[in-house]
Each structure stands twice: as C-alpha cells, then as structure tokens.
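**Student:** Predicted model and sequence follow; I will ask about them next.
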Amino acid sequence: MKNNGAMPIPQQDNIRNKLLLRNAMEKISGCDPAQLQSVLAEIYGENGRWRGSHPINELDNAAAIAEQAWGPLRTSFPDLERRDEIMVGGRYRDRHGTVQDLVACMGHYCGTFKKDWLDIPATGQPVFLRYGEVHHIKEGRIALSTCLWDVLDVIRQAGFWPLAPSWGTEGRWMGPITCDGLVLSEQDMDQGMASIEQTLAMHATLAAYKDHEGKGREGLLTMPQKQHWHEKMMWYGPSGIGTTRGLAGFVDFHQLPFRQFWPGRKGGQSILDDEASTGKISDSGHYIQIGDGPYSVTGGWPSVIANNLGGGLFGSGVTGRKTEMRVMDFYLHHEGKIRENWVPIDTLHILMQMDVDIMQRVRDQFGRNRLGLRH
C-alpha cells in the first residue's frame, strides 16, 4: 500500500516503550492529586502535548494538561483506575518523513462519579469511561498523547440522552475474544506487518467503492470488503453509534447510514492526494499505522473529511458543511480475517460542526443550570 508508513521496530524497543507508557499511566491515575502537575511535567517534559475529545481538545504543556485533562478527571473520579484491554506498539514514518515510536491503548477508566465532570452531573455510582489513546514516545517521555475519551457514553451512564436513539447497541465494549490484547512480549514482526497490510487493504476497498449502480445495502454486503471480515466480526462503535455484529450489522447500523449522511467522504490516501494536487498541506490523514502481532491500529486527526449532504444520522438534518472526523481503529486479526474492530470517534466534535452542542444540551436540559444552580 503506498500510504503504509508502518515500519519494523526492534522488539526490545517496542516492549520498552509499552512498559514506559504503562508505568506513566499508572503514575497519572494513582498519584496524589496535589502532585499531578509535577508528575505530568516529568512524564511529558517541557514540550509535551495532549489532544483529545471535545470539549477538552488541544493542550500545549504539562500545566494545561493537568488543569484541563487529567486533573478534572482525577477530581471527579477520586478512586480512578485504568484498565487496558489492548496495548500495542510500533513504528511509523509519517507523511513528513518523521519516524515516530507509538504505543496505542484501548480500555476503560473506572471510578466512582463523585463530582461533576465537564458539567455532567455526578451520580455517586461507578462509571466506565472508555478510551482509545495513542502516545508518541520520544527520548523516554511522552511527546504527544491523542486521547479519544467517550464523553457521550459518560453522559449516557449518568442517565441522560441528548440525541436520537443510536442505530447500534449501546453499552460497554468487550475486550478481544483471544484475551491477548496486552502485547508485552516479543512478537513476530512479519505477522505485525501482515496485520497492518490487511487493514490497509480493507481500507482500500472502502475508498475505491463508488455505488454508481445504486446497489445500496446489497453493494456494501457483496463488495470486496467482504473478503477481509470474519463471519463473526464485531464492530464496536462509540456512543451515539453503538456496537454491531456481523457484516450485515456493520452495514445496516453504521456503514450505510454514514455513507448516506456523508457521501463522497475522503480519508487516508485520498486526503493526501487532494493536498498534493492543491498544494495545501494540513495535519489530516493518518498519524498512526502500526501492526503488532495479531493487532493493527490506524488513526487520524482527522482521518476522514466529508461534506454532509444527507440526513437522519443522530437525528440531524442536512447542513451541506464539511465535517472533519477524529477517528481511531483498533483491529484484531484472527483466523486469517479481521475478527474485531474497536472504533473510538470524537462524536461530540462531529456534532459541534453541525451546530449541535451536546455539552450545552447537558447543561440546559439535564445539568444543574436547569435548576438554576451552580457548582
């Protein structure tokens, strides 16, 4: 694949990066809150950056990361635990030719919701905040964290729902069926490269498919993507979309609605090709393409750009506007096919671009503002 920047990485380096990341996350979630900023300064250094789901978005230094990201999370969930379901790593040469060492994780933060978080009213009950995270490791520190935390799912668990019903099934994501998602031992590098190649081959079938004949659902079920998916595939989508099973579930409850809502969307190599033709270079496209044993990971900030020309998804109408999508994909390759796909998406950021401010809805309809109260 011409857009595959995945590179082999010495296994000792890969394991060292993953252990470094695991230890750093344990310090962040377990340290005395009063020491959080100094801990983050040690982990991120002077130039460390953090970017994540709306409404937190992009932060440029350890003080901002402490004040706006980890600090509020630790305050709202004082007994916070981090539970990784997947931890994999790899090396990627990005579009600018820079080689990046990366560690990618999927899992759930667990804690008792003691104080309001992001204006979501606390419940006093356990909450599972699912995450997809990619951390750039450089010289023994985290240079950049990209954290897609499912804020909308916390709103759901708090007992509020500010959207139309999801097409898929809402609920906590399952871990890999193979129970081997924490990849902390040496792996076959050829297997890792084969994993990411299979993922990118599947991506290519999606990018190439244009429904000129109007086949709709049937076209998606029979197009070349079918050869890459396991017959018992699971597709785990973010809150607002939900989880699906089997290729038919994937098509009916995610793929077809998205294609109708955003026809002609572009991602991956098609974004790069457009920029090459116009001379306009941005940060779009993938910042990660790695394979580690039977797992692969891709992600972009954004990884998909599309004009909203259809309606119905999320209960929204047509805006005609360009939409950028922050997306990660974690894949398990099993029995020669893609068996499971976990997909963190910054749904709130997508909706903001359509003038749907979910956090304002929470404040106005469900939060303390509705009662005329403040924190």
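**Tutor:** Done, it's in. Owing to the predicted nature of the structure, the values given are computational and were not obtained by experimental measurement.

**Student:** Least confident secondary structure element in this structure?
**Tutor:** Taking mean pLDDT, DSSP states H and E as the measure, the chain has helix 269-278 as its least confident helix or strand, at a mean of 47.

**Student:** Which of the three states applies to the spatially closest residue to residue 345 that is not a sequence neighbour?
**Tutor:** Of all residues beyond its chain neighbours, the one nearest residue 345 is residue 238 (4.6 Å), with distances taken as CB to CB, 6 or more residues apart in numbering. For glycine as for every other residue, the C-beta is placed from the backbone atoms N, C-alpha and C. Secondary structure of residue 238, reduced to three states by DSSP: H, G, I helix; E, B strand; the rest coil: coil.

**Student:** Please look at residue 238 and residue 150 and confirm they touch.
**Tutor:** Yes: in this structure, residue 238 sits in contact with residue 150. The criterion is CB atoms under 8 Å, and the distance is 5.4 Å.

**Student:** Now the common contact residues for those two.
**Tutor:** Here residue 238 and residue 150 share the contacting residues 344, 347, scored by CB atoms under 8 Å, 6 or more residues apart in numbering.

**Student:** and the two? which has more neighbours close in?
**Tutor:** When residue 238 and residue 150 are compared on other CB atoms under 10 Å, the one with more neighbours turns out to be residue 238, at 29 against 25.

**Student:** pLDDT value on the more buried one, please?
**Tutor:** The predicted local distance difference test score for residue 238 is 98.

**Student:** ok, it to residue 140 distance?
**Tutor:** Taken as CB to CB, to the nearest Å, the spacing of residue 238 relative to residue 140 amounts to 32 Å.

**Student:** And residue 147, by the same measure?
**Tutor:** The spacing between residue 147 and residue 140, counted by CB to CB, is 20 Å.

**Student:** Residue 358 too?
**Tutor:** Summarising the geometry, the distance separating residue 358 from residue 140, computed by CB to CB, is 38 Å.

**Student:** of those two, who's got more company?
**Tutor:** Neighbours around residue 358 and residue 140, counted as other CB under 10 Å, are more numerous at residue 358. The numbers are 22 against 10.

**Student:** which residues does that one contact?
**Tutor:** Residue 358 touches 152, 155, 162-163, 348, 351-352, counting by CB under 8 Å, 6+ apart.

**Student:** mind running it again at 7 Å?
**Tutor:** For residue 358, the contact set (CB atoms under 7 Å, 6 or more residues apart in numbering) comprises 152, 162, 348, 351.

**Student:** From residue 188, how far out is the closest residue to the last one other than its chain neighbours?
**Tutor:** This means residue 351. Of all residues beyond its chain neighbours, the one nearest residue 351 is residue 358 (5.7 Å), with distances taken as CB to CB, 6+ apart. Distance check for residue 358 against residue 188: by CB to CB, it reads 43 Å.
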